[in-house]
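Colleague: test case, fold it:
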Amino acid sequence: MESDVVTLTGARVIPGPPLPLVIEPATAEIDAVAWATAHRRPLRALLLRHGGILFRGFTGGSVETFRRFIAAVSAEPLPYMERSSPRHEVAEQVYTSTDHPPRHPIALHNEQSYNITWPLRIFFHCVVPPASGGATPVADCRNVYRRISPAVRARLEERDYRYVRHFGTGMGLSWQEAFQTTDRPAVERYCADNDVEFSWGSGEELTTRQRRPVSAAHPETGEMTWFNHLTFFNVSTLDPMVAEALLSMGKENLPNNTYYGDGAEIEPAVLDEIRAAYDAEKMAVPWQEGDIMMLDNMLVAHGREPYTPPRQIVVGMAEPWSRSGGETSS
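Modeller: Take a look at the predicted model:
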């Protein structure tokens, strides 16, 4: 921890758990963007070590400062593509973290791990802190990977998992919102380019299926990390009453569900073990106005606790990385 302090001029590391590392300015006069620009290299090294950094006290509730901070320490923010969560844009490629109702928790996940291209970095900024609750839980996915039993891990790494989405039932996002187009051929081209199987039903119904690995080696550190949406999108993760209501429509009509890569059902005990591994690593991060949290999206999963409004947390994503093994242009 001492080396963390030495590398950061004008700021101090606050003692505490390793995730997230908390950094505060030494004086109130520090310009957040200029400081981040000057410390880009050590901050990125610290991010790979800890998985997440919480910058506290550097800035007020300015979304524009947040956007410039992302570009200073990472890259220009990315558009939100192949959407699975309702969001709206508040600035250029800066979005609400989610528009899900505040009473519902959001399980731990890695942003867009179901895509073949995802952001390596994700940033959160507290514009308005919650009246109560509303912390962002995080978990180190290197540790989650190690907590899962070797037998379960090997089975899933061999078989992969399949993510199935069904659009057009009135539940979840429409395909028009998810793919940000009303043009069916554009959706078909996107699916063909991104290894997504698709089939059209009657009316506005669309079903997509994508087979994905459950783990990945981090492109910069080489560490194995548990990187997927396997439990997040599985119907068993939902509140039991919600799950029962959705299943009454027929499993084939679920807006989201996951299976083994060959389409077989994943055993409840396996899902429970994975959720327990996340829970064992979970750390809740409460928000203060002006906070910025930077996460390595492959090393750390994030979620949301229920809250009492008001609460405004905005998000930006950067540095696209592809399953083919390289950075993509933004």
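
Colleague: quick check: mean pLDDT across the helix ranked longest in the chain?
Modeller: Counting by DSSP state H, the longest helix found in the chain is helix 268-281. The pLDDT scores in helix 268-281 average 98.

Colleague: let me see the domain layout of this protein.
Modeller: By the record's domain assignment, the chain is partitioned as 2-100+119-130+286-327, 143-278 (automatic domain parsing).

Colleague: by mean pLDDT, show me the worst of those domains.
Modeller: Looking at the domains of the chain, the weakest mean confidence is domain 2-100+119-130+286-327, a mean of 92.

Colleague: just how off-centre is it within its chain?
Modeller: Distance, stretch centre to chain centre, for domain 2-100+119-130+286-327: 12 Å (Cα atoms, centre = their mean, to the nearest Å).

Colleague: before we move on, back to that, so which bits of the helix or strand just after the longest helix of the chain are buried?
Modeller: Sequence-wise, the next helix or strand downstream of helix 268-281 (DSSP states H and E) is strand 283-285. For strand 283-285, a neighbour-count test (16 or more other Cβ atoms under 10 Å) marks Met283, Val285 as buried. Glycine gets a C-beta too; all of them are placed from N, C-alpha and C.

Colleague: just stretch 303-322 next, same as before
Modeller: Buried residues in stretch 303-322 (16+ other Cβ under 10 Å): 303-305, 307, 311-321.

Colleague: thinking again about what came up before, winner for burial among the domains of the chain?
Modeller: domain 2-100+119-130+286-327 (a mean of 18; mean count of other Cβ atoms under 10 Å).

Colleague: contacts only, for the residue nearest to the spatial centre of the chain.
Modeller: Taking Cα atoms, centre = their mean, the centroid of the chain lies closest to Glu111, which sits 2.6 Å from it. The contact partners of Glu111, taken as Cβ atoms under 8 Å, 6 or more residues apart in numbering, are Trp118, Pro119, Ile122, Asn297, His302, Met317.

Colleague: what's the pLDDT at it?
Modeller: Among the per-residue scores, Glu111 shows a pLDDT of 97.

Colleague: show me what the nearest residue to Pro219 once chain neighbours are set aside bridges to in the sheet.
Modeller: The spatial neighbour of Pro219 that comes closest, neighbours along the chain excluded (Cβ to Cβ, 6 or more residues apart in numbering), is Trp321 at 6.1 Å. On the basis of DSSP bridges, Trp321 is bridged to Trp118, Glu327.

Colleague: which two of the buried residues of stretch 303-322 have the greatest separation?
Modeller: With distances taken as Cβ to Cβ, the most widely separated pair in the buried residues of stretch 303-322 is Tyr307 and Trp321, at 31.0 Å.

Colleague: returning to what we had before: of all pairs in the contacts of Glu111, which one is the farthest apart?
Modeller: Maximum distance among those (Cβ to Cβ): 13.3 Å, for Trp118 and His302.

Colleague: tell me, what's touching these two both at once?
Modeller: Joint contacts of Trp118 and His302 (Cβ under 8 Å, 6+ apart) are Asn110, Glu111.
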